[in-house]
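Student: structural data only, the sequence is not supplied:
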């Protein structure tokens, strides 16, 4: 047996190797025990490392630490809708995950990377992993900054890149109306209860939440623009105990760039004036039954519109167009309300508007978002541009 400097001690009727560790960061010496010399060496080494880096000695699990960080720290600066989204990520991908029971002080790159690799093999998307990492990485950094972890390894985490197929699928999700489809849609919604909501979406590019939050004070009838400064959304209040029933809230727009002034056609201004007059008549007829929230788009009783109900009515319009269309090739493919925003942007590009202008009107954070979203439009414009050159050269030959 190899010689050792460690003494032996009997503890609870069992013989252990024993070492009393002294360190400048310890108030009193700490006694360490192990059944073998090798195990005791490892314990001493690990504890000395923690003490040298002034790491807090905690047995708290990663999940317990994460819950406290998310709900007591991270939530302090988040909007209610973001809280709801993050709580969902925690519940579906972090709660009871392979990372949950690892001690936070022992968390290492291999643990997190291994979990991400497992999710990739199970078929989870790149976006899903990015969202999970958007929570785990700052939590790890918080632990490092508070002397719970020896190092911040988040910079070494490797996330998979999106495949060309995934990028293509994303682009295909953007389905603006072709010009002919837009004309038929506008014709179909004539005198529809939500006609002006649809028309405003087509002529302003506002997101649904921005439209539902609009008040009459946000519309400048003289200078023909809409002041976008808030967003309406049904959101559930969440906490570490779970989530409550959803309720309508008004919050700041999606990004800083989303707060903007959007110029609208004078024809839309006139339609909104007529719509406003009819709304005031409705309010007068209902008297005390009307809840005056000063909303532009609301129920006949002045309450906020339900996004699910809007979706159903929107789909009903598309179905009615298709039911009256005998030519299978002219039927309109299923669309989302958000495609009205995409239609607005597409028409602007087709009219030769610059990406920077479209970005500002849509409230995107930068032009890369705009260009990435409307790749299909720009590609088709390249074909049109090439054909124009061909026409030019043909005319030159005939002159």
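Tutor: Yes, it's here. Since we're looking at a predicted model, the values are computed, not measured. Numbers count the residues shown, from 1 in each chain.
Student: ok, residue 216 - contacts?
Tutor: Taking CB atoms under 8 Å, 6 or more residues apart in numbering, we find residue 216 in contact with 276, 294-296. Bear in mind the C-beta positions are built from the backbone N, C-alpha and C, glycine included.
Student: which ChimeraX command selects the buried ones in these?
Tutor: Burial among the contacts of residue 216 is assessed by 16 or more other CB atoms under 10 Å; the matching ChimeraX selection reads:
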select :295,296
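Student: inside strands: which ones of the contacts of residue 216?
Tutor: Among these, no member falls in strands (DSSP state E).
Student: dump the contacts of residue 216 to CSV, plus distance to residue 255 and pLDDT.
Tutor: Formatted as CSV, these follow (distance: CB to CB, whole Å; pLDDT from 0 to 100):
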residue, distance to residue 255, pLDDT
276, 29, 97
294, 25, 96
295, 23, 97
296, 22, 98
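Student: how far does stretch 212-232 stretch from one end to the other?
Tutor: From its first residue to its last, stretch 212-232 covers 6 Å (CA to CA, to the nearest Å).
Student: kindly report the same for stretch 180-195.
Tutor: Terminal residues of stretch 180-195 are spaced 18 Å apart (CA to CA).
Student: that one: which residues count as buried?
Tutor: Judged by neighbour count using 16+ other CB under 10 Å, the buried positions of stretch 180-195 are 181-182, 184-185, 188-189, 192, 194-195.
Student: among the residues you listed, name the ones in strands.
Tutor: Per DSSP E, the buried residues of stretch 180-195 never map to strands.
Student: which ones among the residues you listed are found in helices?
Tutor: Applying DSSP state H to the buried residues of stretch 180-195, the entries found in helices are 181-182, 184-185, 188, 195.
Student: of the residues you listed, closest to residue 333?
Tutor: Proximity of these to residue 333 (CB to CB) peaks at residue 181, which lies at 8.9 Å.
Student: what's the nearest residue to that closest one if we skip its chain neighbours?
Tutor: Computed as CB to CB, 6 or more residues apart in numbering, the closest residue to residue 181 that is not its neighbour in sequence is residue 332, at 5.2 Å.
Student: that neighbour: helix or strand, and which one exactly?
Tutor: Residue 332 belongs to no helix or strand when elements are defined using DSSP states H and E.
Student: what's the pLDDT at it?
Tutor: According to the prediction, residue 332 has pLDDT 95.
Student: neighbours of it, how many?
Tutor: 20 (other CB atoms under 10 Å).
Student: cool, residue 17 as well?
Tutor: By other CB under 10 Å, 21 other residues sit near residue 17.
Student: please identify the helix or strand for it.
Tutor: Counting by DSSP H and E, residue 17 is found in strand 14-21.
Student: what mean pLDDT does that strand get?
Tutor: Strand 14-21 shows a mean pLDDT of 84.
Student: again with stretch 70-79
Tutor: 93.
Student: ranges for the strands of this protein?
Tutor: Under DSSP E, the chain gives strands at 7-11, 14-21, 30-34, 219-220, 225-228, 231-239, 242-251, 260-263.
Student: distance to residue 64 added to those strands, as CSV?
Tutor: Converted to CSV, the strands of the chain look like this (distance: least, CB to CB, whole Å):
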stretch, distance to residue 64
strand 7-11, 29
strand 14-21, 27
strand 30-34, 24
strand 219-220, 50
strand 225-228, 41
strand 231-239, 15
strand 242-251, 17
strand 260-263, 42
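Student: got phi/psi on the closest residue to residue 71 other than its chain neighbours?
Tutor: Nearest residue to residue 71 in three dimensions, chain neighbours excluded: residue 240, at 4.6 Å (CB to CB, 6+ apart). Per-residue torsions, residue 240: phi -60, psi -10 (degrees, to the nearest 10).
Student: worst-scoring helix or strand of the chain, pLDDT-wise?
Tutor: In the chain, the helix or strand scored least confidently by mean pLDDT, DSSP states H and E is helix 164-173, which has a mean of 59.
Student: what sits up against stretch 362-379?
Tutor: Here stretch 362-379 makes contact (CB under 8 Å, 6+ apart) with 171-172, 174, 176, 205, 207, 228, 253-260, 341-342, 345-346, 349-350, 355-356, 358-359.
Student: for the ones in helices among the buried residues of stretch 180-195, which one is nearest residue 80?
Tutor: Nearest to residue 80 among these: residue 195, at 31.0 Å, using CB to CB.
Student: please report how far that closest one lies from residue 187.
Tutor: Between residue 195 and residue 187 the computed distance is 11 Å (CB to CB, to the nearest Å).
Student: do residue 138 as well
Tutor: Distance, residue 138 to residue 187, using CB to CB: 50 Å.
Student: for residue 150, same thing?
Tutor: Look at residue 150 and residue 187: by CB to CB, they are 67 Å apart.
Student: repeat that for residue 370.
Tutor: Distance from residue 370 to residue 187, by CB to CB: 29 Å.
Student: next one: residue 357
Tutor: Taking CB to CB as the measure, residue 357 and residue 187 are separated by 29 Å.
Student: with residue 143 instead?
Tutor: Distance, residue 143 to residue 187, using CB to CB: 60 Å.
Student: the strand holding residue 17: partners in the sheet, and parallel or antiparallel?
Tutor: Next to strand 14-21 in the sheet, as set by DSSP bridges, lie strand 7-11 (antiparallel), strand 30-34 (antiparallel).
Student: check which residues of it are buried.
Tutor: 16-19.
Student: how far off centre is it?
Tutor: Here strand 14-21 is found 53 Å from its chain centre; the criterion is CA atoms, centre = their mean, to the nearest Å.
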